[in-house]
Structure formats: C-alpha cells, structure tokens
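**Q** Need the 3D shape of this:
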Amino acid sequence: MPRVTDEYREARRVEILRAASACFSERGFRATHMRDVARQAGLSTGAVYRYFPGKEELFREMLESERPVEESQQAAFLEGETPIARLEGLLERVARRAGADEDNVRRNFRDYGEAAEVPFLAKELGLHVNELLDVVAVVVRDAQADGDLAPDLDPRAVATLLVTQTVSLGFAWLFGGPYDADSVAEALRRQLDGLRAST
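**A** Residues are numbered from 1 along each chain as shown. Next up is the predicted model:
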C-alpha cells in the first residue's frame, strides 16, 4: 500500500477547509453538515471526519485558515500616514464596501443572527470582531495623542462606533432601498468631525 505523505495530508486538509468555507458561506453554520462539506470536497463523510472530529472544530480551523486574508483586509482598512487619516480611510472603505456586495451583506446578517442562538458561533465571531476593535482602538488612541480626537473619549467606545458602521450600513442598504455611497461617506466624515478635539 502506498505511503500517504505529509504533503498529501496537508493538501487534502486544505481542500476540506475550502469546501467548508463554501458551504458555511452558502448555507450558514447551523444548516451545514459534515456530509455537505464532504460532498463539496468530493470526499466521503468518513474522510472528512479523519481530518476534523466535528463541525465546530472544522469551523474554527476554517476561520484560522482565513486569518491572513482578514489581516490583509484590516491593513487595507487602516492605511494612511497619520492616525486620523487611517480612521478617515476606514470610514471611506466602510461606506464603499457596505453597498458593494449584496451577498456579503446577507451572509453577515445570517452569521450575526445565528450567533445570537449558537454560543459557539458567538464566541468564535466575537474573537475576530474584538481583534479588529483592538486594532482600531489603538489607532484612536494615537489620534488622541496627536491632538486630532477629543482626549476624554474612550478609545474602545469610539472603535466600536466606527467598526459597527459596517453592520448598520449594511442593514440600511439591505432594507432601505437605494444606497448612495458618496452621501454615506460624507455623513461618516461628519460623524468623525464630531469626535475631533476642540481647538
């Protein structure tokens, strides 16, 4: 019998994670079963279980495998020479992104809705959201140190306000009709202006 190499195992594991990502994205966490992932990967259900003992472990590994992409997206959200420029860029991208991908907006709502009922999912998604909040809070603190944002504001509260705009804008766009990214971007800039330090 031919010996299964580490390279083969890793390639098969990556195939399963890609299949899982497609299934979770299309069906959500609760509606996805291990047999769905196996079918998507072109494998038997037993083969999938040899690599992952259950759906929760598979989901957790999938999130971990997508971390480099998330970190790249975070970096793109926080481009800019100064802290205040990074925050301005964050809001600009939030305004553009909210109306750019209907499927992504719908997936986000499904995921957040499921998280309210599935403790494991709430914990995993919460870890990722909190990582982004931590990054943005540091930028807010730096902007305060530069004198650009009011020093008496709680950086974490400001980060929460800015980051959750993605969800709230998606909600407005999904159920509120036409979405004007330019107008939304301007409104977000004015919101940030309201947080600036008084001169």
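**Q** okay, and the helix or strand of this protein with the least pLDDT?
**A** helix 67-77 (a mean of 70; mean pLDDT, DSSP states H and E).
**Q** and the gap between Leu125 and Leu132?
**A** Separation of Leu125 from Leu132 (CB to CB, to the nearest Å): 11 Å. Bear in mind the C-beta positions are built from the backbone N, C-alpha and C, glycine included.
**Q** what's the offset of the biggest helix by length in the chain from the middle of its chain?
**A** The longest helix of the chain (DSSP state H) is helix 119-145. Relative to the chain's own centre, helix 119-145 is displaced by 11 Å; criterion: CA atoms, centre = their mean, to the nearest Å.
**Q** Kindly tell me how buried Thr32 is, as a neighbour count.
**A** 20 (other CB atoms under 10 Å).
**Q** Which element, helix or strand, includes it?
**A** Using DSSP states H and E, Thr32 maps to neither a helix nor a strand.
**Q** these two touch, right, it and Ser21?
**A** No - if you go by CB atoms under 8 Å, Thr32 and Ser21 don't touch, sitting 10.4 Å apart.
**Q** before we move on, the earlier item: in the very next helix or strand once past the least confident helix or strand of the chain, what's buried?
**A** Next helix or strand after helix 67-77 toward the C-terminus (DSSP H and E): helix 83-98. By 16 or more other CB atoms under 10 Å, the buried positions in helix 83-98 come out as 83-84, 86-88, 90-95, 97-98.
**Q** which one of those is nearest Arg106?
**A** When those are compared for distance to Arg106 (CB to CB), Ala98 wins out at 12.4 Å.
**Q** just to revisit the earlier point, what is the longest helix of the chain packed up against?
**A** When contacts are defined as 3 or more CB pairs under 8 Å, 6 or more residues apart in numbering; DSSP states H and E, helix 119-145 packs onto helix 55-65, helix 67-77, helix 83-98, helix 102-115, helix 155-163.
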